[in-house]
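Chemist: Coordinates for the following, if possible.
(2 chains)
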There are 2 protein chains.
Amino acid sequence: MTTVELSGSVLARELRAKLAETAAALTTAGVPPRLAVVVATEDESSAWYVRALAKAAAKTGIDCDVVDLGATAEPAEIRTKLAALSADPAVHGIILQTPLPPDAKAEELAASISPEKDVDGASPLSLGRISAGLPAFAPATAAAVLAVLDYYEVPLAGRHAVVVGRSTVVGKPAAQLLLARNATVTVCHSRTRDLGEQTRTADVLVVAAGRSRMITGEHVRPGAVVVDVGTNPGEDGGLVGDVDAESVRGKASALTPVPGGVGPVTTALLLSHTVGSASRGAP
Amino acid sequence: MTTVELSGSVLARELRAKLAETAAALTTAGVPPRLAVVVATEDESSAWYVRALAKAAAKTGIDCDVVDLGATAEPAEIRTKLAALSADPAVHGIILQTPLPPDAKAEELAASISPEKDVDGASPLSLGRISAGLPAFAPATAAAVLAVLDYYEVPLAGRHAVVVGRSTVVGKPAAQLLLARNATVTVCHSRTRDLGEQTRTADVLVVAAGRSRMITGEHVRPGAVVVDVGTNPGEDGGLVGDVDAESVRGKASALTPVPGGVGPVTTALLLSHTVGSASRGAP
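Modeler: Numbers count the residues shown, from 1 in each chain, chains lettered A, B, ... in the order given. Below you'll find the model as predicted:
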């Protein structure tokens, strides 16, 4: 079987082109879209990600403020900053970057982001609203999984989607979004007995476990569509997915590459959510 | 195979006995636990349920106010009442009874219940907090499913739990709670293709679909534990489960009866949550 590559770069480019137009119109109307990224870490890969995000924002005509509170920031300080940004009418999107200092819990702190600016769906209220079928921004990575599947017209209703990973930022919200699209959804994780038995039942397999190349050909049902959310550091400094592409190729009907799959779409959707938030505030 | 009956009545009785002691102590301390049930319907089975709840509360030493706004209540009126009860320090638990008038959406209105009094986990914030692993009251029916499984020491970690039904009040939160207990979790629903193929993979099968006797012996893997959340009106005025007990008996290793299974535990947990909320306010 030929495995089709589901590129996210193509989709991300299309999304950004549309966004640039809207962002320009908003700026002309006196509402320049603005994203604030709150950082409290010296983590290298986080810094790399924030730089890439700021660059993508700039190219799209979106202001991006990186608010660096330092790796020793107290939770109260982070909370106060998130609340101040929530109250600032010039800011339309707020992201709380992880990792955080050891005594800070992302889910707790994110509750200080006002829901209409919570462009990465990090606050418990956003999660709950998605689960209840109410409007809210979904975590951008989870939304990107669905955006890629939709762009390539992968049918979901009535089909069996298996999600590997149950993080609050990807696995759980991706499962909710797949369920809302009428897929039958299974969530697997590190405690799942016989992972292969579960994953081989998937029509659509979404892998967000954070372990390099853990999913191999023997985990995949022939013809399945595989979405690789993993972005693990590779030995040569590049990115390695959670899926062993080499062994899955020829067995899956389609596979997202790493890099160039879910990642660029995630960035584009964060910007899209920010522009969406700014549009609501436009005259 | 002998199918063990997992009675909820026994557990509910134990829970209520403990609660009555705590409620009496709180009342002596000047904090009589109080539950408010907001009703905006003339639905018969809702009225039956509210009467049963008020009676159980009274027997446990918990005050229960039924606030009947009438079947023509406007959403704004319901919202104002929920906010007033949330602000009333004498009230410790608030339930918004369904069904609601056609233009009222329970998930939206429940956002007006303050999270610490949301004893039936109805607000999107409670749902999101549960999903994120933060403390919150779970919807009582979903919590009752777990309470019954725990009482009968059914192992969950690493086992495959299949939930049939994806309502915001039962199916979805039950799936979250099972996941938090390290089960591998599948959610099925009306759009699932070949339901039996999915349900036969379950070690633990939780049925909350709201369709009389829809799960039969052929849906059940030999030895599975089956939890029946259904409470459908029977022809003779009694309650009928979602599981066809007759055909499942002899195949499942254990089954909750209807009535007398999840139902009484749900009521006991609503009261337990109310007492828990009152305890936080006690001197």
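
Chemist: give me the number of residues near the closest residue to chain B within the stretch 51-200 of chain A?
Modeler: At 2.8 Å from chain B, A:Gly128 is the closest residue in the stretch 51-200 of chain A, using CB to the nearest CB. Any C-beta I mention is one placed from the backbone N, CA and C, and that applies to glycine too. Using other CB atoms under 10 Å in any protein chain shown, A:Gly128 has 27 other residues around it.

Chemist: What residues does it make contact with?
Modeler: Residues near A:Gly128 by CB atoms under 8 Å, 6 or more residues apart in numbering or on different chains: B:123-129, B:131.

Chemist: residues in contact with A:Val170?
Modeler: Applying CB under 8 Å, 6+ apart, the residues near A:Val170 are A:139, A:141-142, A:145, A:208, A:229.

Chemist: I'd like the residues you listed written out as a markdown table, with pLDDT and distance to chain B added.
Modeler: Formatted as a markdown table, those follow (pLDDT from 0 to 100; distance: CB to the nearest CB, whole Å):
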| residue | pLDDT | distance to chain B |
| --- | --- | --- |
| A:Pro139 | 98 | 11 |
| A:Thr141 | 98 | 15 |
| A:Ala142 | 98 | 12 |
| A:Val145 | 98 | 17 |
| A:Ala208 | 98 | 14 |
| A:Val229 | 98 | 18 |
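
Chemist: Nearest to B:His92 among these?
Modeler: B:His92 lies nearest to A:Pro139 out of these, by CB to CB, at 33.6 Å.

Chemist: Show me where the stretch 151-283 of chain A has its helices.
Modeler: Under the criterion DSSP state H, counting those that start in this stretch, the stretch 151-283 of chain A contains helices at A:171-180, A:195-199, A:245-248, A:262-281.

Chemist: returning to what we had before: neighbour-wise, give me the winner out of the contacts of A:Gly128.
Modeler: Going by other CB under 10 Å, B:Leu127 tops the contacts of A:Gly128 with 32 neighbours.

Chemist: pretty sure it is in a strand, no?
Modeler: No. B:Leu127 is assigned helix when assessed by DSSP: H, G, I helix; E, B strand; the rest coil, not a strand.

Chemist: Would you agree it is in contact with B:Ala175?
Modeler: No. Counting by CB atoms under 8 Å, B:Leu127 sits too far from B:Ala175 to count as a contact (11.4 Å).

Chemist: Please determine how far A:Trp48 is located from A:Thr41.
Modeler: 12 Å (CB to CB, to the nearest Å).

Chemist: whoops, A:Val229 was the one
Modeler: 21 Å.

Chemist: For the residue nearest the centre of chain A, list the residues it contacts.
Modeler: Taking CA atoms, centre = their mean, the centroid of chain A lies closest to A:Thr141, which sits 1.2 Å from it. Applying CB under 8 Å, 6+ apart, we find A:Thr141 in contact with A:169-170, A:174, A:208, A:229, A:262, A:266.

Chemist: helix, strand or coil for it?
Modeler: helix.

Chemist: about what we covered before: A:Trp48 and A:Thr41 - which one has more neighbours?
Modeler: Counted by other CB under 10 Å, A:Trp48 and A:Thr41 do not tie: A:Thr41 has more neighbours, with 20 against 11.

Chemist: what's the most buried one of the helices of the stretch 151-283 of chain A?
Modeler: Highest mean neighbour count among the helices of the stretch 151-283 of chain A (mean count of other CB atoms under 10 Å in any protein chain shown): helix A:171-180, with a mean of 26.

Chemist: Can you list the neighbours in contact with the lowest-mean-pLDDT helix or strand in chain A?
Modeler: Here the helix or strand of chain A ranked lowest by mean pLDDT, DSSP states H and E is strand A:232-233, holding a mean of 90. Outside strand A:232-233, the residues that touch it by CB under 8 Å, 6+ apart are A:45, A:210-212, A:239-242.

Chemist: re the thing from before, mind checking which of the helices of the stretch 151-283 of chain A is nearest A:Ala25?
Modeler: Nearest to A:Ala25, of the helices of the stretch 151-283 of chain A and by CB to CB, is helix A:262-281 at 9.2 Å.

Chemist: tell me what that closest one is packed against?
Modeler: Packing partners of helix A:262-281 (3 or more CB pairs under 8 Å, 6 or more residues apart in numbering or on different chains; DSSP states H and E): helix A:8-28, strand A:34-39, helix A:44-60, strand A:93-96, helix A:140-151.

Chemist: Thought A:Ala209 was touching A:Val164, still the case?
Modeler: Yes. Between A:Val164 and A:Ala209 there is a contact under CB under 8 Å: 4.9 Å.

Chemist: Of those two, which one has the most company?
Modeler: A:Val164 (29 against 23).

Chemist: May I have the beta-bridge partners of that one?
Modeler: According to DSSP bridges, the residues that bridge with A:Val164 are A:Cys188, A:Val207.

Chemist: No further questions, thank you.
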